[in-house]
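> below is the sequence, then the predicted model.
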Amino acid sequence: MAISIFETQDLDALVALKQFLQNLPGPKAIETVLAQAVCSCAESRSMTFDWLLDHAERLEPELDLVQWGQRLVATRLELQDFGKGCELTLERQSGVQPLVLGLDLRSRQRLAQRTSRGEWLLIERLRVRS
C-alpha cells in the first residue's frame, strides 16, 4: 500500500498514509514499513524514488532517511562509532549517484555485499562526510 501511495507523488496522500500507519504497534514498525517501501521504490521505481528523495523531509519524523541510512551503514559494517566520526547527508542532485564518501574501497565493497539492492541505491544517494 505504501508503494502505491508513494507512486501517486501526492503529498496529501503521503500525510494520510502516515496517519494510517499510526495504527501500527509503535514508531519502529512505522519506520520499517516506510523504509522497506522506499527501498522497494529504489529498486524498481526510479521516478518515485527520486520524488521521495526530493521530499524526504515529508517522511519525517516517522522516517528520517539520513538517520536510517546512517544506522544501516553502521549495522552492516558493524561500526559502533560510525556516527561519531562521519555524517550522512542526502544527495539531492538528481542523476548523481556518488559512492559513499568517507569509506575506503574495501568498506564500500563490504557494504555493497551486505545490503539489498534497494538499500544500496539509497546509501549511494547519501553522502558520508568525515
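Here it is on my side, so go on.
> only C-alpha atoms for contact and neighbour calcs from this point on.
Noted.
> which segments of this protein make up each domain?
Per the record, the chain has its domains at 1-63, 64-130, by automatic domain parsing.
> ok, of those, where does mean pLDDT dip lowest?
Per-segment mean pLDDT for the domains of the chain reaches its minimum on domain 64-130, at a mean of 68.
> show me where this structure has its helices.
Counting by DSSP state H, residue ranges of the helices within the chain are 2-8, 11-21, 27-44, 46-54, 65-77, 82-85, 105-113, 117-124.
> got a markdown table for those helices, with mean neighbour count too?
Compiled in a markdown table, these are given as follows (neighbours: other CA atoms under 10 Å):
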| stretch | mean neighbour count |
| --- | --- |
| helix 2-8 | 16 |
| helix 11-21 | 15 |
| helix 27-44 | 18 |
| helix 46-54 | 18 |
| helix 65-77 | 19 |
| helix 82-85 | 12 |
| helix 105-113 | 15 |
| helix 117-124 | 22 |
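> next, work out how far apart Phe49 and Ser4 are.
Distance of Phe49 to Ser4, computed by CA to CA, to the nearest Å: 12 Å.
> check Leu122 too.
Separation of Leu122 from Ser4 (CA to CA): 19 Å.
> same question for Arg71.
26 Å.
> who's in contact with stretch 7-24?
For stretch 7-24, the surrounding residues in contact (CA atoms under 8 Å, 6 or more residues apart in numbering) are 2, 5-6, 30, 48, 51, 58-59, 62.
> return the residues in contact with Val33.
Ala2.
> mind checking how far it is from Gln22?
Going from Val33 to Gln22 by CA to CA gives 11 Å.
> Asp50 too?
Going from Asp50 to Gln22 by CA to CA gives 25 Å.
> now swap in Glu62 and tell me
For Glu62, the distance to Gln22 equals 9 Å [CA to CA].
> looking at those two, which is more packed in?
Glu62 (20 against 13; other CA atoms under 10 Å).
> does that one touch Ile30 like I think?
Yes - when contacts are counted by CA atoms under 8 Å, Glu62 is listed as touching Ile30 (6.5 Å).
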